[in-house]
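Visitor: kindly return the folded structure for what I paste below:
(2 chains)
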Amino acid sequence: MLKTFEYLQPKTLEEALSMMKSCKGSFRLIAGGTDVIVQIRSGKTPPDYLISLKALNKELGILEEKEEGLDIGALVTHRILEKSPTIQKEYAALYDGVSQVGSVQVRNVGTIGGNVCSSLPSADSAAPLLILGAKLNIVGDREESICIEEFFTGPGENILKNNQILKSIFIPKLPKNSNSAYEKLGRRKAMEIPVVGAASYIQVDKKTGICLDARIALASSAPTPIRCYKAEQTLVGQSAEKEIFVKAGKLAAQEANPRTSFRATEEYRRSVIPVLVERSLSRSLNRIKK
Amino acid sequence: MAYRVVGRSVARNDVIDKVTGRAKYAPDVVIPHMLHGKILFSPYASARIINIDTSLAKSLLGVRAVITGKDVPYTYGSVIKDRPIFAQDVVRYQGEPIVGIVADSEVIAEEALNLIKIEYEEKEPILDPFEAMKADSSLLHADLGSYQHNKITYPEAETNICSHYKLRKGNVDDAFEKSDYIFEGEFSSQMIQHAFIEPIVAVADADNVTKRITIWSTACNPFVIRKELSSAFNIPMGKIRMIVNNVGGSFGGKAYSKIEPHVAALSLACSAPVRLALTREEVFNLIVRGPGHFKIKTGLMKDGTIVARKIETVWDTGAYAECGPVIARNSGHTAAGPYRIPNVKIDAYCVYTNKNIAGAFRGYGVQEATWAVESHMDDIAREMDIDPYDLRKKNILHYGDEGATGQIVEGTGLEQCLDAAWEAVNRKEIKRKSGSKLMGRGMACVHKATLAPSVSSAIIKLSEDGTATLLTSTTEQGQGATTVMAQIIAEELGLPYEEIYVSGTDTDYTPYDTTTTASRSTFSMGNAVLLAARDIKEQLMIIAAEYIGVDKDELTFEFGKIKVSSQPEKSYTIKEIVSKYYGLNGTLIGRGLYRPDSVPEDSETGQSTKITPFWMYGTQAAEVEIDIETGEINVLKLVAAHDMGSAINPMNCRQQLEGAALQGIGNTLYEEIKLNDKGITVNPNFHDYKIPTAMDSVEIESILIESQQKDGPYGAKGVGEPALAPTGPAIRNAILDALNIGLNHLPLTQEKILAAIEENKEKLEGC
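Guide: Model (predicted):
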C-alpha cells in the first residue's frame, strides 16, 4: 500500500517553484510517475509532499523545432518523441532510446524530463542525450542552461537543487554526414531496463570515409550514464569501419565502471559493452550511408 | 461416431462475463460491516522470537483485533501437519506470519503493523538443502518424527528430510555392470513463482459462538482446505463453508491452504467479516516452486537400448512441507522419462530449508524432472553420436510396455507426438549461421501421471423448461472447465450448449471434488458429469414411459429426443416430458460419482500396477538462435504435440498448450526468485522478476493427438500441465545443437550462455 503523502497541484511553473520553497518537509516532483510511484510504493523514498507537474503542460510540454535545433519540454512523453518524424529521422539515437522505454502504456505517461531527473544509470534517454550534445534548461531563482554531462552526479542523483526544475532539453541540429544510434541489451523485449545501453554519434567525411567527430555514451555501465572520451578520441581521424569500432568498444569497456547486481554481473556487462558500442557505431554509420 | 457439441470449439460459456468485467472473483467480495486484515510477516529467514509487544497497535483507534501465535496455537498441513498459523516463537522463513491485525480499513491495519514491536534473536538460516541433509545440521523441525502425515509421505525423524520417496525396479547395479556405456549428468532447476494474475485473497465471515465459518477464497481445492481448517481449529467440517467463484489463475499455486487459516482466525477473533488481501510481494514468499537438484546415471547397450537408470533428486521445499513430499514422489513417476527401462532406481529427498514455501507448480515436479532427464537424453545422444530423435524412438514407451512404476502402458499417443513434433520443426531447412548468430533445434518428451486416488461428484438439475444446471466443485481458474462440462452435458442429453449453466464452488451446496489440479478435471469430473447426465437420461426414460403409456423398453434416446419404436413418426422432447410429468414445477436431479481405479504403491519400491488412472504424453520441439557475442537467445519457433485422448474443445486445448509453452519460455530463460545470503527475497515484483511479455511471445504450433482414452469421457483425458515441462529441455537441446554446449542449470540467462561460450570456445569451432 502507498504511504500517505500530501498531493499538491500547482497550475503554473511559478506556482510550482514557490510551493517548492514554502514546503515544510520533504517533497518530490512527479510528472508521469512511472519511477516515483514505484519508488514510493517500495518504501524507499516516502516524501511528505508530492508536487505534480501535470498541469504545467503549456509551459513544459512543448516539442518545438527551431532553426538551431530541437527544444523538448520536460513534460513531453516518450511516446510523443517516439512518434515525431523529426526525431525518427534526425535524432535517431533518441528515437532508439525513448521507443524502448517500458511499454507503450509506460511511454504514454513517462516523460523525458522525468527520465533525466530520476537520474538512474539505466535511463534509456540519457545515453542518447549525452551523445547528441543536449543542453538542459533549468529554472529556479534564475534560468540557466548546462551541458547534460554536468548533470548526473550519482545513481539517482543530480545537480538540481531543492528550488530548481528542469524546464526543457535542447538538442542542437546535427551537422551533415553525421548520425546516431542507441543499442539496448535487456533480458526481455519490453518492460525492461538495459543491462547495458550504448549510444553513439559519428560524423564522417563523405569522400574519404574518415571519422571527423565521434561521441559514445553508456547506460547501466557506471554509477551514472557516462561519456567514453577515450573511445571517442580513438575514432577521430580514422577510417570509419568495423575494425576501429571494435577498438573503440574495448576502450569504452575500460572507461566503464559497471557493478554486479542481481540483474547482471560486472563481468557480463564488461564483456557486452564492446559488442554494443561496435554495433551502435556500425548502425550510426549505416544511417549516414542511407 | 460423430458428435454434435463435443469436439467443437464452442465459445467459452464464461466469455461474456469475463470480457465485460462482470465475472466475480474473491477480491470482488464485499460484505456489509466487513473489516480488513493485515499480517505482519517476519523480516528474517531464521530467528527466535523473544518478545512481541502489540499494546500500541491494540490501542490505535479503528483496530478491532490483534492476534499472535499464542491466541491460535494450532497447526495445519494435509501432507505433513507441520505449520503454525502464526509463528510459535520460531521463525523459519522470511514472510512467516507473526501477528494478524483486524481494523476498520486496510490503511489503519497497516498503521497498526508499524506500531508492533518484536524482539528477534536472528539466526543463521539454512539455505543449502545439501547442508540441511547432513547429519550434523541443525533441525528446522525437531518434532518431525511426531508430526501427522499422509500415507505417501516418508519423513525421516531427527533430520531435515521431510520425505524420502523410493522407486525400485529390477536391479540397476547388475544392469550397469552389463551396460556397454554409462553416462552421468547433474542438473538443477531454480526457484520460480506462479505469477498468476490475481494475488491471493480471502474473506471470512465467522461467528465465535456458533463457530460457523464462511470463507470466500482464491483456492483451487476448497474441500482440502475445509478439511485442514476443520482439523486445525477442531470445528466439524459441516460448519465450514468454502465458496470459490472465478479464480484468476492458479497453476497449482492456490492448492492447499494459503491464508484461509489466517483469515478464519482473524474473523473468529472479532466475530465479524474480515477481508485479507496479500500484496504481490507477499505472495512471492508464501508460495513458490522450489529449487530442484538432479543426479542421473544411465546405462545403455551399443545399439542405444537403455537398460538402467538411477536418479537422485533433492527437492528444496522451504520452511514447511506444503505439498513438497507429494511433488518429490510424483516427480518420481516421471523422472526416468517416458522410456522402456527394465532397471530403475529413484531416490527423491524432500528437504526443509529456511526458504520460501515450495508448492505445486503445473505438474508437481514433472517440469523439473523432465528438464533433467530430457537434457540428459540429448547429452547421451551426442556422446554416442546417435540422432536424439532416433535415441528416443528406439526407447520410447509403446502400448503394452511396463513403465518405471510397474504400470502397463495403455495409450499409444506418445510416439505420434514424437513424430509429429519433430516433423513440424524440421519442415524447413534452417541456416545454421548468420553473422554472430547460430541456430539449432531440439526436442523433449514428457509423460505425466494424474492424481490418485481421488473422487469427483456432480449433480445435474434438469428444470421443467428443459434447461440444465450443473453443480460442480471444479473451480474455474481460466482453464475452461465450465465450458467442457457444459459440452459434455449438451452432448449426452442433446440439450443446447447455451442452455447449460455451471455453478461456482460452494461446499454447502456443490458436491465433493478432491481438487482442481493434476490435469484431472476433464477426465474425473467429466466422467462424474457424464454419469450424472446418464442418471438424468435413465429417469427421463422412466417418466417418459409413464407419460406416453408405453413400456420403457420401447423407448430410445437420440440426442435430446425420445422415440417410441412402435411410433416411428413421433418423437418427444426432454422439455415436453419433464414439464408434462411435473405439471407446472419440478426438476429432475441426476447424480454422478466417479472414483477412478488406482492401486496404492509399495512404500519400499514405489511399484503399483496402476499408480494413475491415465498417463499424459507429449513432445515439444524448439528452434532457437543464439547471438554468440552477447549470449542473447531468441526462440524462433516452438512446436507442442500432445496426446489429449480426444479434444472436447480443440481451441481450449490449443490455448492450454500455447499458454503452457510460453510459460515454459519464461521459466527457462528469464525467471528466478533470488535470495540474498540471509534468505531474503530480493526481486519480489514483476519489474525485477521477469516473466515473458506479449513482445516475448513466439510462434507456437500446437498439434493435437487424439488417441482416445478408453475410460475417458468421450475419449478425453487431461491436458493442462504437461505442455509446460518439455519447453525447457527442448530449448536447451536446441542450444546444444547450435553451440555444442550443454547447459544444465536453469535459468538459461544470456549471461550464463555467454559465459559458457567463452569457456568452450574450442567446441564452437565446428559450428
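Visitor: ok, longest helix in chain A?
Guide: Longest helix in chain A, counting residues (DSSP state H): helix A:266-289.
Visitor: any idea how far the closest residue to chain A within chain B lies from A:Gln100?
Guide: The minimum distance from chain B to chain A, using CB to the nearest CB, falls at B:Met695 (3.9 Å). In short, each C-beta sits where N, CA and C put it, glycine included. Note on B:Met695: its distance to A:Gln100, by CB to CB, to the nearest Å, is 11 Å.
Visitor: the two: who's more crowded?
Guide: Set side by side, B:Met695 and A:Gln100 show more neighbours around A:Gln100, with 22 against 11, by other CB atoms under 10 Å in any protein chain shown.
Visitor: which parts of the stretch 1-150 of chain A sit against chain B?
Guide: With CB under 8 Å from any CB of the partner chain as the criterion, the stretch 1-150 of chain A meets chain B at residues A:Met1, A:Thr4, A:Val38, A:Ser42, A:Ser103.
Visitor: neighbours around the residue lying closest to the third one once chain neighbours are set aside, how many?
Guide: So the one you mean is A:Val38. Once flanking residues are discounted, A:Val38 sits nearest to B:His687: 7.0 Å by CB to CB, 6 or more residues apart in numbering or on different chains. Neighbour count of B:His687, defined by other CB under 10 Å: 12.
Visitor: do B:Glu184 as well
Guide: B:Glu184 has 11 neighbours, counted by other CB under 10 Å.
Visitor: that one touches B:Phe294, doesn't it?
Guide: No: if you go by CB atoms under 8 Å, B:Glu184 and B:Phe294 don't touch, sitting 11.0 Å apart.
Visitor: could you measure from B:Val6 over to A:Leu276?
Guide: B:Val6 sits 54 Å away from A:Leu276, going by CB to CB.
Visitor: out of the two, which sits in the busier spot?
Guide: Neighbours per residue (other CB under 10 Å) separate B:Val6 from A:Leu276, with A:Leu276 holding more: 29 against 23.
Visitor: grab the nearest non-local neighbour of B:Ile703.
Guide: B:Ala641 is the one closest to B:Ile703 (CB to CB, 6+ apart), at 3.8 Å.
Visitor: and the one you found, what is it in contact with?
Guide: Counting by CB atoms under 8 Å, 6 or more residues apart in numbering or on different chains, B:Ala641 makes contact with B:Gln416, B:Cys417, B:Leu418, B:Ala420, B:Ala421, B:Ala424, B:Gly618, B:Thr619, B:Gln620, B:Ser702, B:Ile703, B:Ile705.
Visitor: try 7 Å this time
Guide: B:Cys417, B:Ala420, B:Ala421, B:Gly618, B:Thr619, B:Ile703, B:Ile705 (CB atoms under 7 Å, 6 or more residues apart in numbering or on different chains).
Visitor: and the helix or strand hosting the third one, which residues are buried?
Guide: This means B:Ala421. Under the criterion of DSSP states H and E, B:Ala421 resides in helix B:413-425. Across helix B:413-425, burial judged by 16 or more other CB atoms under 10 Å in any protein chain shown covers B:Gly413, B:Leu414, B:Glu415, B:Gln416, B:Cys417, B:Leu418, B:Ala420, B:Ala421, B:Trp422, B:Ala424, B:Val425.
Visitor: what is that helix packed up against?
Guide: Helices and strands touching helix B:413-425, by 3 or more CB pairs under 7 Å, 6 or more residues apart in numbering or on different chains; DSSP states H and E, are helix B:388-395, strand B:437-449, strand B:615-627, strand B:633-643, strand B:699-705.
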